[in-house]
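K.L.:
Quick check, what structure comes out for this input:
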Amino acid sequence: MAVPFETLIPYGIILAMFGVTGAGMSKIKNMQNGGKRARRSVDQWDRQMMDRDRRITGFLRGQSDSPIAPPGFELNNPWRVEKRMS
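P.N.:
All right, here's what the predicted structure looks like:
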């Protein structure tokens, strides 16, 4: 027995909405990463380097090839120093 095509319309709408949502999320992540693909499995070292890049360029995924640090970067230290007991 054949299935009327009207019963498949909601499934088509749901499938289209999943596609639109996936494409939109992909585009937003792409825009947030400065046009680069989203990072996966980011460990502590990657976070540290991405934070350094953000401090140098202003973008989380931006990189600079300038050998001279921008003004004020020499005082912008991300390292946390423990307080010594005297």
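K.L.:
does Gln37 count as helix, strand or coil?
P.N.:
Careful, residue 37 is Arg; it's not Gln. Here Arg37 is coil, with the state taken from DSSP: H, G, I helix; E, B strand; the rest coil.
K.L.:
gap between it and Pro10?
P.N.:
Noted for Arg37: a distance of 34 Å to Pro10, by CB to CB, to the nearest Å. Where you see a C-beta, it was placed from the backbone N, CA and C, and this is true even at glycine.
K.L.:
for Lys83, same thing?
P.N.:
62 Å.
K.L.:
and if you look at Asp51?
P.N.:
46 Å.
K.L.:
Just want to know which of these two has more residues nearby.
P.N.:
Using other CB atoms under 10 Å as the criterion, Asp51 and Pro10 rank with Asp51 on top: 12 against 9.
K.L.:
Can you classify that one by secondary structure?
P.N.:
Assignment for Asp51 (three-state DSSP): helix.
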